[in-house]
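Colleague: what would the 3D arrangement of this be:
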Amino acid sequence: MSDDAPLQESIGQRLRRLRHERGLSQEQLAASGLSVAHISRIESGKRQPSVKAIRLLAQEFPVSPEYLETGHTVTASESLELRLADAEIRIRFGEDSSEVLASLEDIYLEAQRAGDASLLGRALFALGLVAVSQSRHREAARQLERAIQTGSMHPATHLNVFGALARTYWLLDEYELCADLLQSCLERLTEYPPGETAVARTTYMTRLSYALSCLGEFDRARDILMEVSEEEEQRADPYGRARLYWSLARLSTAEGRLPTALEYARRSIAMLETSEDDVHLGRAHLLCGLIFNLDDWAEEASKHLALAEKFFGPRIDPIDLGQLRTEQAKSRAQLGDSEGAVAFAEEATRLLESDPDHLGSAWHALAKAHALRGNVDTACLYYEKAVECMDSDRSEWREAVQAYRGWALALKEADHREAAAHAFGRAAEITRRQKTRATGTRGR
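Modeller: Below you'll find the model as predicted:
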């Protein structure tokens, strides 16, 4: 009999086959509580068995009631889970999201009808991931929130879900929501034994430090990272230490302490090279490239950015690629390659068009590239767009100063001397304000 044959049988034919395979007579099967006549009529197709009869007969072989009724070796719930797992894998392999979306919507409706909270939560999480891949971040947040609201997920066991929602809030500039979510996750981790939540705790605390940095709460962010550092020392986890150093490098960059940032970034790279985490190693080299670009060390930046591209590989996340192209554009401009700078910067702005956190930096790169080409009016346009994004962001003050100075030089070249003086003034004001803030922080 072929593998497909059981699915083509009627219930009666399947019952007779199973009885013969086990060497049972109808009289022996009648011990299940059904009469011989009843069993005979089912096998001949003259009677459709009730749910109770199917359950009683299935126990005698034994097989599942679902198999006896349908010929399927998995339950309806298991079949739905298999379809969901297939969709989840397809998402991770980057297959066509519109096709996966249609499948997920069907799975979601079936899970909802079945009242299966676990599958419903997973389906909503997958729908959220598809929305993220299509840059529909508001929709992604809604789906991820609904996934968590099913009650089938806990921060200790579903780090990927809570982490995805935190990142989505970040992309929406909802830093307070992001911080509140991560703080709540940390509080709920106490419901599990500490030994089971160490990785989750480190991850949530690290991401909380990012959110606090964006809110300008540098002291709290640093305190959290120092607490993580003490815990990681005890765990002696190279990957955890690498992630921590990377976080400290980001914080130091936001505070304008570039030598310190570079030292932390180098430590992160050294740790990651032993842990073989290519994606995070790529991000660490990208951060080094960004730091060197802030100091106008284009050749050093280019070396790290080339390594970043190598470690990211062909399946690089669009936002990571957008940031990489941004920094490559800046280093190319600094080295005098206007064509390469424009090409990289234009690609970066396309990739980051829905990510306001990094779009300002991409516009800055495009402005530098056009200024190098002599397209002063176009350069001024993009400088203006860049500073509008970065001026109010305390974590990007160093680049905002760079952008204002570049804009001032372009305005001066276009003989707009008053506007150029104003741009130079804004650069000086931001620098002075940050130095005052840093002095106050050290005083405390």
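Colleague: ok, which stretches of the stretch 101-250 of the chain are strands?
Modeller: Using DSSP state E, counting those that start in this stretch, the stretch 101-250 of the chain contains no strands.
Colleague: so where's it shaky on pLDDT?
Modeller: For the stretch 101-250 of the chain, the stretches flagged by pLDDT under 70 are 232-238.
Colleague: please, where are all the helices along it?
Modeller: Here the stretch 101-250 of the chain has its helices, by DSSP state H, counting those that start in this stretch, at 117-133, 137-149, 159-171, 175-188, 194-214, 218-235, 238-254.
Colleague: which helices and strands does the fifth one pack with?
Modeller: In this case it means helix 194-214. helix 159-171, helix 175-188, helix 218-235, helix 238-254 (3 or more CB pairs under 8 Å, 6 or more residues apart in numbering; DSSP states H and E). Yep, even glycine has a C-beta here, placed from its N, CA and C like the rest.
Colleague: roughly how far does the residue positioned nearest the centre of the chain sit from V51?
Modeller: The chain has A164 as the residue nearest its centroid, 4.9 Å off, counting by CA atoms, centre = their mean. With distances taken as CB to CB, to the nearest Å, A164 is found 41 Å from V51.
Colleague: then A408?
Modeller: Relative to V51, and taking CB to CB, A408 is found at 80 Å.
Colleague: what of H38?
Modeller: 15 Å.
Colleague: ok, the two, which is more surrounded?
Modeller: With neighbours defined as other CB atoms under 10 Å, H38 and V51 compare such that H38 has more, 16 against 9.
Colleague: which ones are touching S361?
Modeller: Q323, T326, A386, C389, M390, E396, E399 (CB atoms under 8 Å, 6 or more residues apart in numbering).
Colleague: so which of the residues you listed sit within helices?
Modeller: Secondary structure from DSSP state H places Q323, T326, A386, C389, M390, E399 of the contacts of S361 in helices.
Colleague: so which of those is the most crowded?
Modeller: Most surrounded of the ones in helices among the contacts of S361: other CB under 10 Å gives T326, at 30 neighbours.
Colleague: winner for burial among the helices and strands packed on helix 194-214?
Modeller: A comparison of these by mean neighbour count, using mean count of other CB atoms under 10 Å, puts helix 238-254 on top with a mean of 23.
Colleague: any idea how far that one is from the middle of the chain?
Modeller: In this view, helix 238-254 has its centroid 18 Å away from the chain centroid, taken as CA atoms, centre = their mean, to the nearest Å.
Colleague: same check, this time on stretch 319-336
Modeller: Relative to the chain's own centre, stretch 319-336 is displaced by 22 Å; criterion: CA atoms, centre = their mean.
Colleague: from the rest of the structure, what touches that stretch?
Modeller: The contact list for stretch 319-336, computed with CB under 8 Å, 6+ apart, reads 279, 282-283, 286, 289-290, 292-293, 296, 298-299, 301-302, 305, 308-309, 312, 316, 338, 340-345, 347-348, 351-352, 355, 358, 361-362, 364-366, 368-369, 371-372.
Colleague: would you map the helices across the stretch 251-400 of the chain?
Modeller: For the stretch 251-400 of the chain, the helices defined by DSSP H, counting those that start in this stretch cover 258-275, 278-294, 298-312, 318-334, 338-351, 356-373, 376-390, 397-413.
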